[in-house]
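In: just a sequence and a predicted model for now, questions to come.
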Amino acid sequence: MIRGLALSILTLLPSIALCDTISLLGVNNLSKPTASDSSYSAKSAIGAGAFYEFNFSDTYALELGVVDVDRKYQNDTNTIQYTQKMIQLPLLFRIHLGSNLAFGLGGYFSFFPGDYKTEYLSNGTSTTTSYDAAGLKKTDYGAVSSFAYFYPLSERFNLVGEVRDNLGIKDNRVNTSLPKLHVNDIQFFLGARLEL
């Protein structure tokens, strides 16, 4: 029985490995917090991401990635802009519709290295503080939905355009007596994808 299972796995591995893909993409991130005590607007931040997709068939795949991009947003009531350096680790289950389209659902975990930057747009000054001093948590997690389009340039090389909607689930405020603060991201990716 064990020998039969091992042979089955070994039979599947070459077909899986042959159609795995790697992608290198630029990203424009728009972050918008939701909180009942303040109104925020999203600000644009540019970054990059790398992704590895394990294809189980022509239709189903699992993608792991890392995205290095800032979160920027502005408090509309006092014209203060906030910036968080963010490293995001998304995990997506993808459904490919033919060779050009794919939908994805999954989740992400993010962490915020460094300090929390505050810019006062009214006078052009800025400060940085620790996350503890700002009353914010240094990690976040949430759900991801994705729509991707692949434009073939050759048999194994594609241009990729993708939109991701990241729904923040974790309350980002340390003080639980304050209204909850969730941050949602809309991400626009553009780059290249190579079939291995």
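Out: Noted; the coordinates are in hand.

In: for whichever strand in the chain runs longest, give the mean pLDDT please.
Out: Criterion DSSP state E: the longest strand present in the chain is strand 80-97. For strand 80-97, mean pLDDT rounds to 96.

In: same thing with stretch 186-196?
Out: Stretch 186-196 comes out at a mean pLDDT of 96.

In: what's the offset of that stretch from the middle of its chain?
Out: 12 Å (CA atoms, centre = their mean, to the nearest Å).

In: for the longest strand of the chain, buried residues please.
Out: 80-86, 88, 90, 92-94, 96 (16 or more other CB atoms under 10 Å). Backbone N, C-alpha and C define where each C-beta goes, glycine included.

In: likewise stretch 160-170?
Out: 160, 162, 164, 166, 168, 170.

In: run through who's touching that stretch.
Out: With contacts defined as CB atoms under 8 Å, 6 or more residues apart in numbering, stretch 160-170 is touched by 23, 25, 34, 88, 90, 104, 108, 137, 139-151, 182-193.

In: any of those buried? List them.
Out: Judged by 16+ other CB under 10 Å, buried ones among these: 23, 25, 88, 90, 104, 108, 137, 140, 142, 144, 146, 148, 150, 182-185, 187, 189, 191, 193.

In: now do the helices in this protein.
Out: Ranges of helices in the chain, per DSSP state H, are 2-18, 131-134.

In: least reliable of those helices going by mean pLDDT?
Out: Across these, helix 2-18 gives the lowest mean pLDDT, at a mean of 47.

In: now do G114 against I87, distance only.
Out: 10 Å (CB to CB, to the nearest Å).

In: D37 too?
Out: 28 Å.

In: over to D171?
Out: From D171 to I87 the distance is 20 Å (CB to CB).

In: what do you get for K32?
Out: 19 Å.

In: same thing with T77?
Out: Taking CB to CB, one finds T77 at 29 Å from I87.

In: show me the beta-bridge partners of K43.
Out: For K43, the beta-bridge partners are S31, K72 (DSSP bridges).

In: for V67, same thing?
Out: Beta-bridge partners, per DSSP bridges, of V67: G49, Q88.

In: quick one: it and V27 touch, right?
Out: Yes. Applying CB atoms under 8 Å, one finds V67 in contact with V27, separated by 6.1 Å.
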